[in-house]
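In: Have a look; sequence and predicted model below, questions after that.
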Amino acid sequence: MAAVPIRDAKDSVRPDAESPEASLPRRLVAESVGAFFLTLVAAGGEVIASITRGEVGASAKAVAPGLVVMALIYALGDVSGAHFNPVVTLAFALRRVFPWSCVPAYVIAQLVGATVAAAVLRAMFGDVAHLGATSVRYGTVGTGLVTEILLSALLVTVILNTATRARVLGPNAAIAVGATIALAGLFAAPISGASMNPARSLGPTILTSFPAYWWIYLAGPTVGAILAVVASRVLHPHHDAREVDVAQGEHRLARS
């Protein structure tokens, strides 16, 4: 029997062999999975707090989404860039480090993941606490809208600028991003739910008729992200190849 030659490990791993187009489905799966678990934790905290009569406290509900995002950035950031949020995808595209042609697919994948998470919560617990849909709890609708704008501007500013500065580039930015999400939840969740993410808010809302002013969770984060892009362009006017890698994952996508 003829001897089978042993292949060098480097021959079996060819990072450049995969075309950008072929990697897109894998990216979309990663974005759906990330949005699924983010929504499962964030919305699920509200649902489980309701059915257990407060055993999941306000602090836990605020910190848990930050922790899961932190973990997911480490786990999936090299695949898709770990956006998990339509306004993060929008911000990277406006920053010109992510192709516009892929924005719709990313946003749809994120919305699908969030909606599936809400469906899982409904199957497990029933229509409890409006499936964790975010709503304005105190103050006016205007207060809720401004809160979401400011929180989203803060979050996206952190994301864009940790992607720019080499010493916290890539997965190491997970700590800063996760901490920002937890911080926002700790002090602002009683006002608007501290969503900062249209997918997380719209996923449960798609399966319920609540809240009446769901649009603030689309408009607020979008406006906040645009403001963050403007600020980041002033603070860091130039981007380099490493920032593109952070936004797009391990293999760059074809530019639109």
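Out: Happy to help now that I have it.
In: and the gap between residue 72 and residue 83?
Out: Distance of residue 72 to residue 83, computed by C-beta to C-beta, to the nearest Å: 10 Å. Where you see a C-beta, it was placed from the backbone N, CA and C, and this is true even at glycine.
In: which element is residue 89 on?
Out: Assessed by DSSP states H and E, residue 89 sits inside helix 86-94.
In: still on that earlier bit, between residue 72 and residue 83, which contacts overlap?
Out: residue 34 (C-beta atoms under 8 Å, 6 or more residues apart in numbering).
In: Which one's more surrounded, these two?
Out: Counted by other C-beta atoms under 10 Å, residue 72 and residue 83 do not tie: residue 83 has more neighbours, with 32 against 22.
In: Could you check how far that one is from residue 223?
Out: Plainly put, residue 83 is 18 Å away from residue 223 if you go by C-beta to C-beta.
In: pLDDT wise, what is residue 168 at?
Out: Here the pLDDT value assigned to residue 168 is 48.
In: so who does residue 155 touch?
Out: Contacts of residue 155 (C-beta under 8 Å, 6+ apart): 177, 180-181, 184, 196, 224, 228.
In: Would you mind checking these for buried ones?
Out: Buried by 16 or more other C-beta atoms under 10 Å: 177, 180-181, 184, 196, 224, 228, out of these.
In: Which of those residues fall within helices?
Out: 177, 180-181, 184, 224, 228 (DSSP state H).
In: What residues sit buried inside the strand or helix carrying residue 104?
Out: Element membership of residue 104 [criterion: DSSP H and E] is helix 103-125. Judged by neighbour count (16+ other C-beta under 10 Å), helix 103-125 contains these buried residues: 103, 106-107, 109-118, 120-122, 125.
In: Mind putting the ones in helices among the buried ones among the contacts of residue 155 into TSV with distance to residue 150 and pLDDT?
Out: Listed next are those as TSV, based on distance: C-beta to C-beta, whole Å; pLDDT from 0 to 100:
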residue	distance to residue 150	pLDDT
177	17	94
180	12	96
181	14	96
184	9	96
224	7	98
228	10	97
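In: ok, of the residues you listed, which one's closest to residue 64?
Out: Ranked by distance to residue 64 (C-beta to C-beta), these are led by residue 181 at 9.6 Å.
In: how about residue 97, secondary structure?
Out: Counting by DSSP: H, G, I helix; E, B strand; the rest coil, the backbone at residue 97 sits in coil.
In: Can you read off the pLDDT for residue 237?
Out: Here the pLDDT value assigned to residue 237 is 79.
In: now do the one 4 residues further on
Out: On pLDDT, residue 241 comes in at 74.
In: distance of it from residue 116?
Out: Taken as C-beta to C-beta, the span from residue 241 to residue 116 is 35 Å.
In: Also residue 56?
Out: 22 Å.
In: what's the answer for residue 91, then?
Out: 24 Å.
In: Run through the stretch 51-200 of the chain and note the low-pLDDT ranges.
Out: 164-171 (pLDDT under 70).
In: isn't residue 100 right up against residue 94?
Out: No - in this structure, residue 100 is not within contact of residue 94 by C-beta atoms under 8 Å, at 9.2 Å.
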